[in-house]
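K.L.:
Sharing a model that was predicted from the sequence below.
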Amino acid sequence: MSILEDKTLEFKHYYDTKLTYNNAALAFFLKLIGKMNGIELISGRVKDYDECLSKFERKYLPKISSADTDYHIIDSLSDFIGIRAVCFYLEDVKKIRKELSKYFREVSSTDKTVQLEKTDNKFGYKSLHLDLVLKRGNKSRDFKKYGNIQFEIQIRTIIQDAWSILDHKIKYKKSIPHNLKRSINRLSALFEIADDEFLRIKEEIAIEEKRISERLKKGGPLEKDVPLDVFRFLFIALKHFPGYSFIEFKVDGFVQEILDLNKFFSESDLNDVLLTYLDRIDSLFTKNEMKQMNPYTKIRYCLYLSNREIFADMLTSYQKDSITNNN
């Protein structure tokens, strides 16, 4: 039996012996990290035996002298556990790294974003790779049990993660014709632009939400000549229903429903309708019925009363009959 075969058998025994322990450690790390702010998706795995052995033979074996028999494969392999954490926005990557520092010590780090931005002839996905180990000092049983395990975590945005999946499907990237390189570069640029744009949109939405808050505090004239949008709707709705939590996607659909019936409907129009008809809605229905109505339903009734022809589709037949019966 050759030295390499002997070392391989030794490593196989070590790998199999530690497999249950490593799987338990993975479950613990996933639970601990999965609770951190900013992480939308987390997954992980214990790297399989063939993958670990292949990495050793490719990366470390060539550096070992043929005369050297005093080595162990395990000494070259530090991370049997790999974790992938996915977030929405680029800014979340730094936040997650900071969160990780509360529980883990960084052994090493590789920022693939920086690496790729330094060259124009390499392809690949951007992400932050960290080799981590639990910090000492925590007295919990699991921290002590898994305190010596080093693992790798890759932190990516959803866009970066999508590009990494596609990237692995591109079989030849290093020595391909110029026209194919250009196509990959264009594709890669689209993903980068998408990441930047998602962050910009998030920031713009935050600015608009802040503007709503300031307008609510300061008051001021209502816009008459600009069609309603989600932000203008919220400005009016929050004035009349200050204690209600409006959910974004519901607001979006509701505003579109209004605009489908009257594309010129403005925040001033909405405010006038609510000022005119909200009290009347209160008088038409019993207190118990009013308690069961959310703001959207009340607004629907007000719109219908303001113009029964244009806003006929805002109410069901049953709801229209309830107005007639209560009059």
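P.N.:
Great, that's in hand. Residues are numbered from 1 along each chain as shown.
K.L.:
what residues are up against K55?
P.N.:
Contact analysis of K55 by C-beta atoms under 8 Å, 6 or more residues apart in numbering lists L77. (C-beta placed from N, C-alpha, C; glycine too.)
K.L.:
let's see it at 10 Å
P.N.:
K47, L61, I73, S76, L77, D79 (C-beta atoms under 10 Å, 6 or more residues apart in numbering).
K.L.:
Ok, L30 next?
P.N.:
L30 neighbours (C-beta under 10 Å, 6+ apart): I42, S43, G44, I81, I83, A85.
K.L.:
Tabulate the contacts of K55 (CSV), appending secondary structure.
P.N.:
Listed next are the contacts of K55 as CSV, based on DSSP: H, G, I helix; E, B strand; the rest coil:
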residue, secondary structure
K47, coil
L61, helix
I73, helix
S76, helix
L77, coil
D79, coil
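K.L.:
Name the member of those with the most neighbours.
P.N.:
I73 (22 neighbours; other C-beta atoms under 10 Å).
K.L.:
Now for the closest residue to that one other than its chain neighbours: which residues touch it?
P.N.:
In space, and not counting its chain neighbours, I73 is closest to F11: 4.0 Å by C-beta to C-beta, 6 or more residues apart in numbering. By C-beta under 10 Å, 6+ apart, the residues touching F11 are Y49, C52, L53, F56, H72, I73, I74, S76, L77.
K.L.:
what's the neighbour count on the fifth one?
P.N.:
Burial measure for H72: 11 neighbouring residues, criterion other C-beta under 10 Å.
K.L.:
What of the third one?
P.N.:
Here the number of neighbours of L53 (other C-beta under 10 Å) works out to 17.
K.L.:
Give me the buried entries from the contacts of L30.
P.N.:
Using 16 or more other C-beta atoms under 10 Å as the burial test, the contacts of L30 include I42, G44, I81, I83, A85 as buried.
K.L.:
Same list (those residues) but as JSON lines, adding pLDDT, distance to I207 and secondary structure.
P.N.:
Listed next are the buried ones among the contacts of L30 as JSON lines, based on pLDDT from 0 to 100; distance: C-beta to C-beta, whole Å; DSSP: H, G, I helix; E, B strand; the rest coil:
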{"residue": "I42", "pLDDT": "96", "distance to I207": "30", "secondary structure": "strand"}
{"residue": "G44", "pLDDT": "95", "distance to I207": "37", "secondary structure": "strand"}
{"residue": "I81", "pLDDT": "94", "distance to I207": "41", "secondary structure": "strand"}
{"residue": "I83", "pLDDT": "96", "distance to I207": "34", "secondary structure": "strand"}
{"residue": "A85", "pLDDT": "96", "distance to I207": "28", "secondary structure": "strand"}
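K.L.:
Which one of those residues is nearest to K145?
P.N.:
For the buried ones among the contacts of L30, the closest approach to K145 (C-beta to C-beta) belongs to I81, at 14.0 Å.
K.L.:
Distance of the closest one relative to E257?
P.N.:
49 Å (C-beta to C-beta, to the nearest Å).
K.L.:
Pretty sure I155 sits in a strand.
P.N.:
Yes. Counting by three-state DSSP, I155 is part of a strand.
K.L.:
dump the residue contacts of the nearest residue to it once chain neighbours are set aside.
P.N.:
Spatial nearest neighbour of I155, chain neighbours left out: L128 (4.5 Å); criterion: C-beta to C-beta, 6+ apart. Applying C-beta under 10 Å, 6+ apart, one finds that L128 lies in contact with 85, 93-94, 96-97, 109-114, 153-156, 160.
K.L.:
Compare these and tell me which is most surrounded.
P.N.:
A85 (29 neighbours).
K.L.:
check contacts around that residue.
P.N.:
30, 33-34, 36, 38-44, 92-93, 96-97, 99-100, 127-128, 130, 153-156, 161.
K.L.:
Figure out how far the helix ranked longest in the chain is from the centre of its chain.
P.N.:
Ordering each helix of the chain by length in residues (DSSP state H) puts helix 178-218 first. Relative to its chain's centre, helix 178-218 lies at 14 Å (C-alpha atoms, centre = their mean, to the nearest Å).
K.L.:
Alright, that wraps it up for me.
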